[in-house]
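>>> I would like to see how this sequence folds:
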Amino acid sequence: MTRFGKALLVVALVAVVGMAFRVSWNALSDVARAVGADATAATLYPFVVDGLMALALVATLTLTERTDKRFALRVLATYTLASLALNYVHGLVPGLHDESVDWGRLADWDPANWLLVLLATSLPVGSIYFGSDLVAKVLHHRPQPFTASSKTPDSSINQSTPDRDDTDTRPARPLVDPAPATVLAPVDCESDDNEGPRTTIAAESTRSRSAIGRVPQSARSSRPKRTRAELLEEARSATSGWKDADLTAEGIRQTVRTSAAKARELRDTLRAERDAGRAAEQRHVMEAPELEEAFARLAVDRAALDKAA
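Okay, the predicted model is just below:
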């Protein structure tokens, strides 16, 4: 906030407090005349009550000791409630405005009237005692000097940036600039089984990751790593009864518990093996009649040779 804004706020606050004091002054002055005060005392009576409230507020903001601040708050609360009660009585008894009520009569019920008269007459005496005590506490107050050793670790949290002490003598911690992490793009394993193996594209991640140590041995997986031949043998035995339509990379990945890339490689290998097996079987079927004919000719030739011999 600028200096002009702060000045305008203070002026507005003083104006509001002044108008509120003028309203309260009317009620407190009529109450003072009702309990026997003369014209001069009735004029000064509002300053005794509301003035001590202002003094207690200033003392609360000035004092730093816990006990002194609590005492000032109690005085402020007590005189605020007393002023409120007298203003309330002034509103309930219209005769106080034109001085038509009896002297010393603030309520029709005697116990309530005695209590209100006691309250109204004891406030000036209390102002003398409490006001003197508060002024003495403020005058003898010595704020503790602020030193660098009195700072706490959280003392700079509620400070603005210009108020913080930037002269830090602690050595600066080395900043580690970790290499950007790579994130593997997701691959659809069920897209098209007729396509060849796809390449995985690594995307650069702009999020920096903090440097971490090695993974402890207890946190690592206890399952040993399998070679490609072991994976192929396990996949071959697991998918021996599958149809060609069921031989997909996702099915192999879930069955043998491997990665998507290795599952695609196993799928291609198993499909190639099945195609090679079917081709060999077809060649065997096509070559069977020729072999039988050749064996038949050999048998005839052998029989002819035996007869000639």
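
>>> quick one, what contacts residue 69?
With contact set as Cβ atoms under 8 Å, 6 or more residues apart in numbering, residue 69 has these partners: 60, 63. For the C-beta atoms, the positions are set from N, CA and C on the backbone; glycine is no exception.

>>> before we move on, which element is it in?
Residue 69 belongs to helix 66-92 when assigned by DSSP states H and E.

>>> Buried ones in that helix, by neighbour count?
68-69, 71-72, 75-76, 78-80, 82-83, 86-87, 89-90 (16 or more other Cβ atoms under 10 Å).

>>> Helices along the stretch 201-309 of the chain, start to end?
Under the criterion DSSP state H, counting those that start in this stretch, the stretch 201-309 of the chain contains helices at 228-238, 249-256, 260-308.

>>> which helices and strands does the last one pack with?
To tie it back to what came earlier, the one meant is helix 260-308. When contacts are defined as 3 or more Cβ pairs under 8 Å, 6 or more residues apart in numbering; DSSP states H and E, helix 260-308 sits against helix 228-238, helix 249-256.

>>> can you put the helices of the stretch 201-309 of the chain in CSV and add mean pLDDT?
Shown next, in CSV, are the helices of the stretch 201-309 of the chain (pLDDT from 0 to 100):
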stretch, mean pLDDT
helix 228-238, 85
helix 249-256, 86
helix 260-308, 79
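
>>> And those helices: which comes nearest residue 6?
helix 260-308 (65.9 Å; Cβ to Cβ).

>>> quick check: angle from the closest one to helix 249-256?
90 degrees (axes from the mean of the first three to the mean of the last three Cα atoms, to 10 degrees).

>>> Report the angle between helix 260-308 and helix 228-238.
Helix 260-308 and helix 228-238 are oriented at 70 degrees to each other (the same axes, to 10 degrees).

>>> re the thing from before, right, so the helices and strands packed on helix 260-308: which one is the most enclosed?
Greatest average neighbour count among these goes to helix 249-256 (a mean of 19), per mean count of other Cβ atoms under 10 Å.

>>> Can you give me the distance of residue 12 to residue 20?
From residue 12 across to residue 20, the span is 13 Å (Cβ to Cβ, to the nearest Å).

>>> Residue 30 is nearest to which of the helices and strands packed on helix 260-308?
Judged by Cβ to Cβ, the one of the helices and strands packed on helix 260-308 that comes nearest to residue 30 is helix 249-256, at 91.9 Å.

>>> Which neighbouring elements make contact with the closest one?
The contact analysis (3+ Cβ pairs under 8 Å, 6+ apart) places helix 249-256 against helix 228-238, helix 260-308.

>>> So for residue 45, which of these sits nearest?
Closest among the helices and strands packed on helix 249-256, using Cβ to Cβ: helix 260-308, at 90.3 Å.

>>> lowest-confidence helix or strand of the chain?
The helix or strand of the chain with the poorest confidence is strand 182-184; it has a mean of 53 (mean pLDDT, DSSP states H and E).

>>> Now do the host helix or strand of residue 118 against helix 66-92, angle only.
Per DSSP H and E: residue 118 is located in helix 110-139. Following the same axes, to 10 degrees, one obtains 140 degrees for the angle between helix 110-139 and helix 66-92.

>>> Use 830 as the first number from now on
Noted, 830 is the first residue going forward, which turns the last one into helix 939-968.

>>> Quick one: mean pLDDT over helix 939-968.
For helix 939-968, the mean per-residue pLDDT is 87.

>>> Pull out the buried positions in that helix.
Quick answer for helix 939-968 (16+ other Cβ under 10 Å): 942, 945-946, 948-949, 952-953, 955-956, 959-960, 963, 966.

>>> hang on, residue 902 packs against residue 890?
No - between residue 902 and residue 890 there is no contact under Cβ atoms under 8 Å: 10.6 Å.

>>> what about the stretch 880-1029 of the chain, any weak spots by pLDDT?
The stretch 880-1029 of the chain contains residues with pLDDT under 70 at 923-938, 973-1029.

>>> how about a cut-off of 90?
Within the stretch 880-1029 of the chain, the ranges that satisfy pLDDT under 90 run 880, 883-884, 890, 893, 914-951, 960, 964, 966-1029.

>>> quick one: what helix or strand has the residue nearest to residue 850 when sequence neighbours are not counted in it?
Excluding the flanking residues, the one nearest residue 850 by Cβ to Cβ, 6 or more residues apart in numbering is residue 879, at 5.6 Å. In this assignment (DSSP H and E), residue 879 forms part of helix 868-891.
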